[in-house]
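> return atomic coordinates for the entry below.
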Amino acid sequence: MRIGIQTGYWSRKPPTGIVEALQQGEAAGLDSVWTAEAYGSDAFTPLAWWGSHTSRLRLGTGIAQMAARTPTATAMQAITLDHLSGGRFVLGLGASGPQVVEGWYGQPYRRPLARTREYVDIVRQVIARERPVAYDGEFFTLPIGGDTPGATGLGKSLKPTVHPLRAEIPIVLAAQGPKNVALAAEIADGWMAGFYAPSADAGHREQLAEGFARRAEERSAVEDFEVAAMVPVVVRDDVESAADLVRPHVALYVGGMGAKGANFHKDSLDRLGFAAVTDEVQRLYLDGRPQDAARAVPTELVEEIALVGPAAKVRADLGRWEDTALTTLLAQGDPASVAALLG
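Presented below is the predicted three-dimensional model:
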């Protein structure tokens, strides 16, 4: 199992010390670095900057929001970054949620699976550069016709002027619900999980198998399919103090990263058997009590989805993830904690 770093969302300003941490990690065998975006920093620009200071690390968007860019614009960025990095780029895509898509991007959040399928189809067309891009779907039409309100009717099918470095750039889909996981296995080159617990591995394998059964023959081999998961890693002298640093992270996702009744992160933890806990955490968070919400996250839940405690315990617990379908563990944490996984 490969170890990567998930740098996460920026807060008020860029994180410090990332370049040095990545260079040290690369020397120690780190596989990759992944970036996130919500409604602040974007996922592509940091990879260009940090990637220019490394030579081997894979560079992944984890994830780029599909609502933020048209499929062709995303493909352009992927082609560009793949060239600049010498073929190290991995395109991680995700649908985000209705609060961000409708509130930040001003787009309807409907039928996200169908929209994802069309989006990936177009991105692959652009990168393959076999012919001018043309698409007639429910969500995307290229080129638009003259009967489209406001259109001139002069649009034409185009293909990128830049020749891609690779005819295929790996596409990883972020997914949490069972149908979304199956879709990733069907149409993508990898799946990025949010809260991945080893105890739920059997169910995840079933969802992946469902998608693999529908996979087109021309897609990459199932054996090469990447399964990545973001796992908080906190090395401290005792478990409770380490868990204390993860509790606010869980509370944020359960309470603040989605609406009541429409929170995919909470749903993931509910499927692990923590519905009663997450109901309370969400209630406290939505009541404006984030600190109380964090305190309501039990250590048992933290240890299901994170690696916490003394370094020896963290390395021993890592074995639980090594026995799962994961091929890449994306560590979230301070550089010293991540280094414990590489030691």
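> what about the strands in the stretch 151-300 of the chain?
Counting by DSSP state E, counting those that start in this stretch, the stretch 151-300 of the chain has these strands, from start to end: 171-174, 190-193, 226-235.
> so how far is the last one off the chain centroid?
Centroid separation between strand 226-235 and its chain, computed with C-alpha atoms, centre = their mean, to the nearest Å, is 11 Å.
> quick check: neighbours of that strand in the sheet, parallel or antiparallel?
Strand 226-235 pairs in its sheet with strand 190-193 (parallel), strand 307-309 (parallel), strand 328-332 (parallel), by DSSP bridges.
> okay, those in CSV with distance to residue 159 next?
Yep, even glycine has a C-beta here, placed from its N, CA and C like the rest. Shown next, in CSV, are the strands paired with strand 226-235 (distance: least, C-beta to C-beta, whole Å):
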stretch, distance to residue 159
strand 190-193, 26
strand 307-309, 45
strand 328-332, 32
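> quick check: longest helix of the protein.
Secondary structure of the chain read by DSSP state H shows that its longest helix is helix 112-128.
> list the buried residues of that helix.
The neighbour-count check on helix 112-128 (16 or more other C-beta atoms under 10 Å) flags 112, 115-120, 122-128 as buried.
> just stretch 137-144 next, same as before
Buried, per 16+ other C-beta under 10 Å, within stretch 137-144: 139-140, 142-143.
> just stretch 24-31 next, same as before
Buried residues in stretch 24-31 (16+ other C-beta under 10 Å): 25-26, 30-31.
> what about it, distance to the chain center?
The mean C-alpha position of stretch 24-31 is separated from the chain mean by 21 Å, C-alpha atoms, centre = their mean.
> now do stretch 295-313
On C-alpha atoms, centre = their mean, the centre of stretch 295-313 falls 22 Å from that of its chain.
> name the residues of it that come out as buried.
296-297, 299, 301-309, 311, 313.
> for residue 22, what are its contacts?
5, 30, 33, 50, 53-54, 57 (C-beta atoms under 8 Å, 6 or more residues apart in numbering).
> what subset of those is buried?
Among these, those buried by neighbour count (16+ other C-beta under 10 Å) are 5, 30, 33, 50, 54, 57.
> ok so, going back, of the strands paired with strand 226-235, which is nearest residue 226?
For residue 226, the closest of those is strand 190-193, at 3.2 Å, according to C-beta to C-beta.
> so where's this structure shaky on pLDDT?
Within the chain, no stretch has pLDDT under 70.
> tell me where it has helices.
Residue ranges of the helices in the chain, as given by DSSP H, are 18-28, 45-51, 71-84, 98-103, 112-128, 178-187, 201-212, 239-251, 264-269, 275-286, 290-295, 299-305, 311-322, 335-342.
> can you redo those helices as a markdown table, where the extra columns are distance to residue 229?
Below are those laid out as a markdown table (distance: least, C-beta to C-beta, whole Å):
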| stretch | distance to residue 229 |
| --- | --- |
| helix 18-28 | 18 |
| helix 45-51 | 20 |
| helix 71-84 | 22 |
| helix 98-103 | 21 |
| helix 112-128 | 19 |
| helix 178-187 | 12 |
| helix 201-212 | 9 |
| helix 239-251 | 14 |
| helix 264-269 | 11 |
| helix 275-286 | 19 |
| helix 290-295 | 22 |
| helix 299-305 | 9 |
| helix 311-322 | 8 |
| helix 335-342 | 13 |
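> which stretch among those comes nearest residue 65?
Nearest to residue 65, of all the helices of the chain, is helix 98-103, at 7.0 Å by C-beta to C-beta.
> may I see the buried residues of the closest one?
For helix 98-103, the neighbour count (16+ other C-beta under 10 Å) marks 98-101 as buried.
> dump the C-alpha coordinates for that helix into CSV.
Taking Å, rounded to 0.1, in the frame of the first residue of the first chain, the C-alpha atoms of helix 98-103 are listed here in CSV:
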residue,chain,number,x,y,z
PRO,A,98,-25.8,20.9,-3.1
GLN,A,99,-24.8,23.6,-0.7
VAL,A,100,-21.6,24.4,-2.6
VAL,A,101,-22.8,23.6,-6.1
GLU,A,102,-26.0,25.7,-5.8
GLY,A,103,-24.7,28.3,-3.4
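> brilliant, that's me finished.
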